[in-house]
Each structure stands twice: as C-alpha cells, then as structure tokens.
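Visitor: With the sequence up front, the predicted model follows.
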Protein chains: 4
Amino acid sequence: MHFASDNAGPTHPKILEAVIEASSGYAMPYGADRWAEAAKAEIRETFEAPEAEIFFIATGTATNSMILGALAAPWSAIFCHERAHILIDESNAPEFFTNGARIAPVGGAAGKMDPKQLDAMLSRYAPGDIHTPAQGPVSITNVTEAGTVYKLPEIDAISTIAADKSLALHLDGARFGNACAALGCSAAEMSWKRGVAAVSFGGTKNGCMSVEAAIFFDRDLARNFERIRMRSGHLFSKHRLLSAQMSAYLKDGLWLDLAGRANAAAADLASALGNHVEFVNQPEANMLFVTFPRALHRKLRGAGAQFYSFGNAEEGPDDAPLLARLVCDWSATPENTERFATLLKAG
Amino acid sequence: MHFASDNAGPTHPKILEAVIEASSGYAMPYGADRWAEAAKAEIRETFEAPEAEIFFIATGTATNSMILGALAAPWSAIFCHERAHILIDESNAPEFFTNGARIAPVGGAAGKMDPKQLDAMLSRYAPGDIHTPAQGPVSITNVTEAGTVYKLPEIDAISTIAADKSLALHLDGARFGNACAALGCSAAEMSWKRGVAAVSFGGTKNGCMSVEAAIFFDRDLARNFERIRMRSGHLFSKHRLLSAQMSAYLKDGLWLDLAGRANAAAADLASALGNHVEFVNQPEANMLFVTFPRALHRKLRGAGAQFYSFGNAEEGPDDAPLLARLVCDWSATPENTERFATLLKAG
Amino acid sequence: MHFASDNAGPTHPKILEAVIEASSGYAMPYGADRWAEAAKAEIRETFEAPEAEIFFIATGTATNSMILGALAAPWSAIFCHERAHILIDESNAPEFFTNGARIAPVGGAAGKMDPKQLDAMLSRYAPGDIHTPAQGPVSITNVTEAGTVYKLPEIDAISTIAADKSLALHLDGARFGNACAALGCSAAEMSWKRGVAAVSFGGTKNGCMSVEAAIFFDRDLARNFERIRMRSGHLFSKHRLLSAQMSAYLKDGLWLDLAGRANAAAADLASALGNHVEFVNQPEANMLFVTFPRALHRKLRGAGAQFYSFGNAEEGPDDAPLLARLVCDWSATPENTERFATLLKAG
Amino acid sequence: MHFASDNAGPTHPKILEAVIEASSGYAMPYGADRWAEAAKAEIRETFEAPEAEIFFIATGTATNSMILGALAAPWSAIFCHERAHILIDESNAPEFFTNGARIAPVGGAAGKMDPKQLDAMLSRYAPGDIHTPAQGPVSITNVTEAGTVYKLPEIDAISTIAADKSLALHLDGARFGNACAALGCSAAEMSWKRGVAAVSFGGTKNGCMSVEAAIFFDRDLARNFERIRMRSGHLFSKHRLLSAQMSAYLKDGLWLDLAGRANAAAADLASALGNHVEFVNQPEANMLFVTFPRALHRKLRGAGAQFYSFGNAEEGPDDAPLLARLVCDWSATPENTERFATLLKAG
C-alpha cells in the first residue's frame, strides 16, 4: 500500500538494464559519449523538435531552477501558481539559480493559474519602470501540484498572455508523461505547439532512477545553460548514466506506457474509494487529494499504508477529517489498491 | 589504452549490484530509508568518527562547493593552491555556493600549498578590518591536481597554520582512496587526526557510478548543509541509489582496494615508460604528468589511446615536447599499459 | 503645486547647515569620527533604546534590503503586504541582499497586512520540512504604501503572530515620522514597545538630503550588518556627512515637527478637495490616493502641477476617472494647496 | 598634519555651493532633473566622448563593483593586480555585484600589472572549456594602490592584451584626476584613447562630498547598469545632489586643478622628507609609501599627525622600521607638510 509518492517506487527493469549496459567499459566524461547523442535524438523525435537543445540533469528541482536561471534576469519576476512546486517545495532554489529573481504567485482553482489573475498580477509588474521588477517567465506545472491536468486550451490561455508580453513559458513536467497520458495528446501538442519555450521533462517519478531533461525549443534561450549547470555542480562526469536512462525511457514510448499505467491505477483507486472519501478535485492523473477521518488515517498507517497526510494524523479527534495525498506510480498493483480501499471502507 | 580520466571508467560490479538491489521495491524518498543510515554508519566506522555528520551527493564539484558554502561567509576568502580544482575547474561553483566568497590562490611546488606562501597570503587578508575579506577556510586536495600526494606531516604544516587562525581545513578527496593507499594510512589519519574539519570523500572516480560524501567531523559546521543541498537541487529523491553505492564502496575496504589497484597500475605504467618520457613530478598515486614529443602524442591517439594533452597535439613540430596526463583507474589492465608503453617506446 | 513625492522636495535649512559644518576640516573616514557617535546617541535617546545598534545609509532601498539581509537566511521567506515597497518598488533588492530569500505577499485592506491572511500565508511555509522555504522575518511599512497608518494595536496584532513563531519584525519607516505624528505616539511606542526588532528610519523624504538609519534593538541581529553594508558599497568614506544630517534631523524633534507639517498640509489638501474627488482611503498622513476625471489630470498637469497618475493621463475619455497620488512634504505651502484645489474644483 | 587619506579631507567650497544650490526647491527624483543632464554633458565634454553612457554613484566601491557587474558574467574571471582595491579592500563587493565572478590576481612591480604575468594568468583561464571560468574583464587602477602611476604606454601594453582576447578594460579611477595631473594628459588620453571601456571616475577623494561617475564608452556594455544600480539601492532619489557635485567638480577643470594641488603637496612632502625615510616607490602622485623607525611613528602620532601605519606602531623596538602611507589631498598646506617633516627629521 505505497501511495506516498511516485518518487518512492522501483526502477523499471528496462531503465535498469540500460544503466547496467552503460556502466561497463570506458566513455569520455561530461557527455562526450554516444549515449548522450542517442538520448537527445530520442527526445527530438518524441517531441518532433529537431532543433531542440537538450540537457540531462539528475533532479527535478535542479532542472526547473536551471531553466528559470536561463530564462530570467536577477531583476525579473517569475509568474506561477500560488501552490507551484517552484514556489513552495524547492527551498528558494529558483531564487538561487536566478541570482535573486522574484517569484510572483498567481491564484486559480484546482491548482491551475487563472488567466485573469495572471493578467492582474502581471499588471503589478508593469514594464517601463526600473523600480518594479521586470516581467519574466511564466511557469506552469502539468500534472499540477493539485493532481489536476491543464487541458490544451487552458495552456493556450496562459500561453497567449505570455506571448502577448513576450514572456517565455516554462512547463514543469515532473509528471509530463502522466499529463500526456491523461490528455491523450503528443509531447509536441502539450509543449511547443502550445507556445511552451522550455520543458522540465521528468523521468525520475515515472520509472527512471534519477534523470530529467531540460528541453529548450528556442536554442537561443539555452545559451547560458551549460555554464549554469557546470557551476552548480550538476554536470555529471559519468553523464552516460543519465543519457542511458533517458534513451530507454523514451524507446518505444515506455514513458507514456508507464504514465498510463500509473494514471489507470489512480483511477482504479478513486473508483474503489468512491464516496467513502471526499475528493478535493476530480482525479485526472496519478495523484488523488482526498479527505477522510483521522481515525482512518491512523488505522491505515497502522496497517502499513504509506501516504502523505496534511497535518499530524496522530493527533485530533477520530472523526475530524484530514487531507491525504495518494500517489500511484507505474508499479502500482490492483492488490495494493484493493487492500487499501477495503481497509478504508471498513471504517 | 584508456588513460583519459578515472571518471571515464566502468562501474565496479559490487557497486552495480548494490544499485540493482536498491532499485527494487519502495522506499521513502530524500534519504528517509535504511540505505542512508547504513551508508553513514559505514563512513563513521571507516573514519573512526562516530559523531561525524554525513551527506551524499552525486558530483564532486557540488560536494566541494557545498562544503565551502557551509564553511565560508560571503565576505570570506578561501585559501587553496593556485592549481586547485575548486579554483580552475569548477567554473566559479564555490563562488556560487558561498554567495560570493573570494578564492585566494597560494603557490607551492608539486601541486602542494607551500606553508610559507599560505602564511604570506593570509597576511594579505589580515583580520580586524571590514574592508578586507575575512579569513575563511583553507582547502587542500589529496591526491593533488598535480598527481602528487601530501605526506601526513605536510598536511600537519597546513593544518597548524589554519588552526592557529581558527580557520576550518577542508580536504578535497576526489581521490581520497588513492591518497590513503599511497600513504598507507587510515582514513582517520589523513583527515580528522590531521585537523581536517570536512572531507569531500570521492567515490565516482574509483569505481562508483556517481556518489561522493560530504563528511563533517564537527557537526556544528554542518548546520546549514541540508538547506544548501536542498536549494541547489542536489538532494536526490531516490536517495537510496546514492547510499547503496557508498555502502558497497566502503564494505570490506573495497574503496581502498580499488584505489590500490589504480595506484599500482600507474606505477607499472611509470616503470614501463621509464626514461622515454620526462616526468613533471615523481608519480605517487594514479596520475602521471609526463612530457614526450608531439609526434608520439599523434601516433598514440591514432592507435586509439585516450589521454589528455595540454595543448593541441595535432599541431606543432614532431619533436616538440608536449605535456600529457595519464590516469589509471581501478580497471586498468597490464595489457593496456604494456601496449601503450610499447607504442611510445617504439618512437 | 508639487505633489509628486516627498523625495522631490528641498533640504531643510537646519540639515543643510549641519552638512556644511561637517564638510569642513579633517575627519577619519568610515564613521570613525565624532559625528557618528553623536548621531547614534541622538537616535538612542529618541527611541529610548540605549542598547540599540545603529547604522547610517544614504538610501531607503538599501536600508530595507540590508536589514532584511541581516534578518533572513537565503532559504527564508519574508512576509509583507502585497503592495509593499520591498515587493514592488525595489527591483528585487531584498532578494539581492539576502542572497535569494523569497518574498511572500500577504493581502489586507488599506495597505495593511491582515493578521488572518498573514497566518494563512505562514501556514504555507510551515516549518519542519527542508523543501519548504523557512519562515523568515515579517516586514510592515508605516506610513503604508497606501497612505494609511497602522494603529498601535494593529501593529500588536502582527507582532504577536511574528513573536509566536519567533520571527523578527521589521518596520519600513521611510515615513516613520509621518506615522508617529499621525498616531501621536513616541518613536519607542511605534517600534520596540510593539515588538519591532529593526527599523528603517527615514530621513530623506522628510527634509534630509539623503540619510536613513538602520536601527536594531537586538544587537545580536545586527552582527552581519557591517559586512553586508561594506560589500554592497554602502559604507560612506565621508560618513560624517550622513551622521551630521541625522543629528540635525533628530535635534529638538525636528523630524517630528517636519512630519507633522507634511501631515497637516495633506489634511488641508484633503479638506480642500472635499467631495470633488474620490478618496481610495481616508487620508491619515501625508499621502492621498484620489480618483478624478482624466480631463482634470490633463488640466492640472498643463497648469504645472506635479503628481503621480496611475496610468497614462494623456489618453482616454475626458470623464474617465483615473487614480492619482498626491504627496505633501514638510515644505508644502497653503498657496500651493489652494491653487491646486481651486483648479481641480473649477472642473 | 592630516595624511591619513584623501577621503578624510574637507569638501571644496565650490562643490559645497553647488550642493546648497541643488538643495533648494523641487526636482523630480531619480535623476529626472536638469542637474543630471548637465553633469553628464560636462563628463562627455571633459572626456571628449559624446556617446558615453554615464551614471552617478555615491561611493567608489559601488562604482567599481557595478561596472564589473555590467562587464562580467557570474562564471567569469576578472583580472587585476594582486594589490588592487577591488581584490583587497572591498570585502568581496565585486563578487557580490557579479553574482559570483572570480577575481584572478596578477603580479607586477610597483603596483602595476606586469603584462607578461597577465598573459600567464590568462592562460590559466583559457577559453573553450566550461569547467574553467571564462576570461572576463581586466581591471587596472590609476593612480595605483602603490601610489605609482601607469604611463600611457604601460596602459597600452595591458590594453593590447585585453583587446586581443576581446576582454573589456576597466579603469578604477578613484584618483583619476591625480593620475591625469601626474601624466599631464587629457581624460580621453588616459581612457578610451587607450582602449579603456569603462571608468570609475572619482570625485570623493578629490574635494567632492560623495560622488563618482561610472562612464561607459561603449553604451552596449552599460545596458544592465541601471538595474544593477537600482536593485543594489544605489539609485539616489535626490539624485540632483550627486549631479550637482559632479558638475561643479568638472567645471573649469576644477577636478584637475585640485588633483594637481594634491600631487604638488605630496611632491613637496617627499622633498622635505628626503633621505630621512626610505621610499618604497618613487612618489608620482599624491600618495607616499615610506619606511621609518617605529619610534618616529609614535612621536608623530603623539604630536597629532594622522597617517596609516602598516602594523601596530605602538609595539616593537624603537629603531625597527615600519611602513607608513602618507596621502595629501587638495587642501594640504605647506605648514602641515613642514611641521611633519621637521618633527620627523628631528628624529
């Protein structure tokens, strides 16, 4: 009953095999090897973007922050949802990598930026005055931090505003695969065809060991990236270990297949829980936010279930509701789901 | 004939096995797992330092820089050899992680800081004046960037100066194992018993995939480290993959065994080359700096040898000498060595 | 008809005399002179704070940012009103001086932080997780950016929340005098007696040339300030010129007298405008935010009036309302006020 | 007997008059006033540089650091003499303003960079490798920190190396006037005609209150300067007070006249001291570095003389020599000089 996070699951066997293969023999360090080019080619093909500039990084926080470091000046404001990972969960990493850019939080229901509120926030950072921070990139997350998925027209609405002001649009795709699977769209359709300038394309939460790709559709925006990566210590000497994961992840659409499995498992779990819990949002990908009584939190944990409770589940009255996050990864099994649902429904 | 770098070699099978084992099943992310504690316990035992505070990081540049970030104020000067990796090869990473500390280069023969020159440089940063950068940590590298090894009394000489001024001493041990193997001393004897406050303990260049440990013998100096690691995107979600490597690396002294093999291979290579090349320094660990004619650089490369030439080997007169760096890792074979030496000696 | 800003007015003669006096003869640089100690003594007396640590700086942005640099870690969040000067008008200076701290905007009517919204925002930065930025200082501005004045119990409400979480409270007092004059309270009553840890005490907008004081009631919080000031180039060599201004400003309560004059002038202006304009907030100090038709903006500007319009006054229909900011400084005259009001009322 | 520093002297009456004049009446803040344009016009005329971009700042450290912030990337190395003010006396301000650039110290006799040593240091930062910090601007100081003056061909020698590698050349001219006066050359001849890209043009040490100009001969290099100044809190609201000083300073060549007086006073002092002291370098401008017995340091201080001793003058044997710095400013008087020399010669 492992629903803590999709970064807590096992490595997929095909990823592991690729790493084992890349671990033998000699290869020049820092990406000057055959694996790097192969993996970049896979990304360019998957994204239908033959000109994309691509970098591999081991962690998602670093990927987001370095992309923002390439897109924002130190005197910029970056616009994102008020619950965005870059705002709440990265310990000011974006500020570190941008040498002190501002993050301006924008409201919106269901974890998605409301275009009107984006407009309003942008108006606080109106250009033409050096006292006011400059308008910088806009960043959205899909799958959102609330477990919802921006529909393509919703991305368009944000993208149009950004384009109108010549601001680059960044997509935090730590769960890019899950969003694509949910939308039934291609990688290109969810990114550059929507006006996205740069993507954090996640592998770690979806069966890889530790690898993400920073993808720039406009190569000019990437010109400082190598230096930013180098001087933050994120350039791997044994870079082939990152590339090998990414190649295997993209080969034959494994990334989309695994994401689909995770989404399906979450849908099954949602069905099984039915009206025994209260859903904060309708589940759309692989992450559920549900409320149920504290007593059940305690009981499920006692039975070995792992999940995130928003608050101290050990305290408070039995019937007081508490929010939980339940995440399914590619390896989720029906048995696990069923056991969890049964325990919960038993009350 | 792979002598390019010890970060270009294969992963040792025992490390790979450990990673495979840690890749299966669920484990809570960010180090809240059994592998982390096990690996830390191995380090504490290896270093005879039950109170040490330990962090695992994927790259050496990040490890050095984060330790310096924990030891130095933004208005500090950091003192190191004028050829130190932190000065020349990390693209200002230490400045990034310290929010702008200075690096003050100190001269000295054979890649080792000359204590007298350290004293002289410290006197330029005399305390008591807020205009002058504050005296900050002293950093040495062992094995040095010149392939030499600080003897224990040489470390003492540096350490005494640092201690006299209450400055923390950092040891960049990207090749810690090779230095220990060369000196025939224990990990403790080369670190805290010499007054070293913090060590970058390298695994990547010695058979691991990608793992280093930041080891603080004084826990108080480590108090900001977690935040520095987090906001630079270096905290792995699948942290067990780092821990597992480190455990396997330390188990039964594998680290020292592999380093010894690399050193022995380099000694064999040095013998085989004999007086056919000119040695910049007497080889002491696993790295040779030797000079031989450009024509031989070209011939060896043509035959598939990989090594670093300091300058463009493709240009210049045949008999003009050019400096080369030859590095052996744990997997170096007598066949490789012999073939290289034979080709070179054939002229 | 100068209502553009209180930083656009003349220097008060007594300030000028003090600067002239301090401009003659020799004095050791960087504050090692008699003026510095005299000015600090004046501040300690005015604030009834014999233990306060005090620094003089030429600009308000630098004063705010350096205080925040002393109070916040790079991984902190700083909490302020969503219209605060430090958020909107300093081009990310606080991020620069804190090496990348976050600024978290809090809502609230009339330019004042709503304690409930502060509580809610703090809960997003709940301690105990290194992924979430740490809770850092709380910063309020009095007079607020909306021209309103926090009443003492309103400061208490913020201060209690900050104290409960052991967060330092900073007061941006660019218009400290105007707030004191409006409240009829002492400097101490508006600062340390309310739990304020550090004050930016403004002189520039109230008759000085260019001087502000950073005042720390808890000296321990000030320990890095000198280095922060030095390495940002804000330590004046001819520091006596700053100190002399501050001494003259405090002597015989000149600061409060000038602020009172500015407030009275604004009150007169408000009376004169009466219901010919719409007030955004009831005027409480020396700054009015009022709405009146664009045609009148144009007419007043044509007649030489200087004030800030929020939008392009040259465009739009005659009867479309537009927001204006009218600021009175110590030198405002009844003639000016009358002329402005007459023109406006004439329609 | 005030020889402590040229930043300890009085304000020249013409500067004071200009400040008094600019202190009355209203003027729009932040440089949108008539004084700013007038002062910029004076600089453009003085430097024969009609296209120069110019900014006024209150302190020299800020001026140097902001110029370097505009010229260097965070991953650059800045090349300067090993005794340069930016290296030794600004508490890492350049690192702060460049977001972490490196400063690479270059040796050379008499406080001047040796072109050969500059070449050698540049070769350590050879381009083409992202691990090595990038070659950034070269910075020289004239008058040097050793009191010597670069001759025009000496500047050419540095400038040629910088130009050959397309590196911008910065001139720290805290004592620009004294250098011009010593060389008998024009401002243009010592700056852009020598290939200098940007100058810190000092006023504070030469009769002004507190004003320096950042002058960029290539406007493109200045494009980030306004933001750098703004977010470091160095944009004065009452900016006219800076501009007014600068205008008066340039008018009718006052700057050169005052510098000439200071140089002449220093030459007189040097003559008067004759062979009673040992000169470290032959005095060339307004600063002498001389060695004489500790007993005389004590005697002169006892008699009220102010000067900087390199070491604790109160300790050590009477006849032990100690280095002193003696600086003359524009207001130095023959009486002062004579009295000092007489006391010293009396032994």
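Guide: Thanks, I have the structure now.

Visitor: From here on, just use CA atoms for contacts and neighbour counts.
Guide: Fine.

Visitor: what about the helices in the stretch 151-300 of chain A?
Guide: Along the stretch 151-300 of chain A, the segments classed as helices by DSSP state H, counting those that start in this stretch run A:152-164, A:176-183, A:225-231, A:240-250, A:254-273, A:294-302.

Visitor: any chance of these in TSV, plus mean pLDDT, distance to chain C and mean neighbour count?
Guide: Formatted as TSV, the helices of the stretch 151-300 of chain A follow (pLDDT from 0 to 100; distance: least, Cα to the nearest Cα, whole Å; neighbours: other Cα atoms under 10 Å in any protein chain shown):
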stretch	mean pLDDT	distance to chain C	mean neighbour count
helix A:152-164	98	19	18
helix A:176-183	98	21	26
helix A:225-231	98	16	23
helix A:240-250	98	24	26
helix A:254-273	97	25	22
helix A:294-302	94	20	19
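
Visitor: who's in contact with the nearest residue to A:N336 once chain neighbours are set aside?
Guide: Nearest residue to A:N336, sequence neighbours excluded (Cα to Cα, 6 or more residues apart in numbering or on different chains): A:M1, at 4.9 Å. A:M1 is in contact with A:G304, A:A305, A:Q306, A:N336, A:T337, A:R339, A:F340, counting by Cα atoms under 8 Å, 6 or more residues apart in numbering or on different chains.

Visitor: Going through these, which ones are buried?
Guide: The neighbour count (16 or more other Cα atoms under 10 Å in any protein chain shown) marks A:A305, A:Q306, A:N336, A:T337, A:R339, A:F340 as buried among the contacts of A:M1.

Visitor: Hmm, A:L343 and the first one touching each other?
Guide: So that's A:A305. No: A:A305 lies out of contact with A:L343 (Cα atoms under 8 Å); the separation is 9.9 Å.

Visitor: List the beta-bridge partners for the residue lying closest to A:M113 once chain neighbours are set aside.
Guide: The shortest distance from A:M113 to any non-neighbouring residue, by Cα to Cα, 6+ apart, is to A:H81 (5.2 Å). Beta-bridge pairing for A:H81 (DSSP bridges): A:V106.

Visitor: and A:H81, how many residues sit next to it?
Guide: The local packing of A:H81 (other Cα atoms under 10 Å in any protein chain shown) involves 27 other residues.

Visitor: Just the strands from chain A, written as ranges.
Guide: For chain A, the strands defined by DSSP state E occupy A:53-57, A:76-81, A:102-106, A:134-141, A:169-173, A:198-202, A:212-216, A:278-279, A:287-293, A:308-309, A:321-327.

Visitor: Just the closest residue of the stretch 151-300 of chain A to chain C, please.
Guide: A:S232 (15.0 Å; Cα to the nearest Cα).

Visitor: What parts of the stretch 201-347 of chain A come near chain B?
Guide: When proximity is defined as Cα under 8 Å from any Cα of the partner chain, the stretch 201-347 of chain A approaches chain B at A:209-210, A:227, A:230-238, A:241.

Visitor: switch to 7 Å and redo it
Guide: In this structure, the stretch 201-347 of chain A approaches chain B at residues A:M209, A:S210, A:M230, A:R231, A:S232, A:G233, A:F236, A:S237, A:K238, judged by Cα under 7 Å from any Cα of the partner chain.

Visitor: Identify the farthest-apart pair in those residues.
Guide: Pairwise distances across those peak at 23.4 Å for A:M209 and A:R231 (criterion: Cα to Cα).

Visitor: for chain D, what are the nearby residues on the stretch 151-300 of chain A?
Guide: A:R227, A:M230.

Visitor: go with 6 Å
Guide: For the stretch 151-300 of chain A, no residue is in contact with chain D (Cα under 6 Å from any Cα of the partner chain).

Visitor: any chance of the buried ones among the contacts of A:M1 in TSV, with distance to B:F201 too?
Guide: Output for the buried ones among the contacts of A:M1, formatted as TSV (distance: Cα to Cα, whole Å):
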residue	distance to B:F201
A:A305	37
A:Q306	34
A:N336	40
A:T337	43
A:R339	44
A:F340	43
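
Visitor: Per-residue confidence at the residue nearest to A:M113, what does it come out as?
Guide: pLDDT, A:H81: 98.

Visitor: ok, it touching A:P105?
Guide: Yes: counting by Cα atoms under 6 Å, A:H81 touches A:P105, with 5.4 Å between them.

Visitor: quick check, nearest of the residues of the stretch 201-347 of chain A next to chain B to D:I158?
Guide: Distances from D:I158 to those, taken by Cα to Cα, are shortest for A:R231, at 28.9 Å.

Visitor: pretty sure the closest one is touching B:D89, no?
Guide: No: A:R231 is beyond contact range of B:D89, at 9.5 Å (criterion: Cα under 6 Å).

Visitor: What's the local residue count around A:G136?
Guide: A:G136, neighbours per other Cα under 10 Å, totals 28.

Visitor: nope, A:K238 is what I meant
Guide: 29.

Visitor: Tell me, what's the model's pLDDT at it?
Guide: Predicted confidence (pLDDT) for A:K238: 97.

Visitor: With A:K151 instead?
Guide: pLDDT at A:K151 comes out at 98.

Visitor: Provide the count of other residues in contact range of A:D252.
Guide: Applying other Cα under 10 Å, we find 12 residues neighbouring A:D252.

Visitor: Quick check, pLDDT for A:E314.
Guide: Per-residue pLDDT puts A:E314 at 89.

Visitor: what sits against the residue most central in space within chain A?
Guide: In chain A, the centroid-proximal residue (Cα atoms, centre = their mean) is A:A174; its distance is 1.9 Å. A:A174 sits next to A:F201, A:G202 when contact means Cα atoms under 6 Å, 6 or more residues apart in numbering or on different chains.
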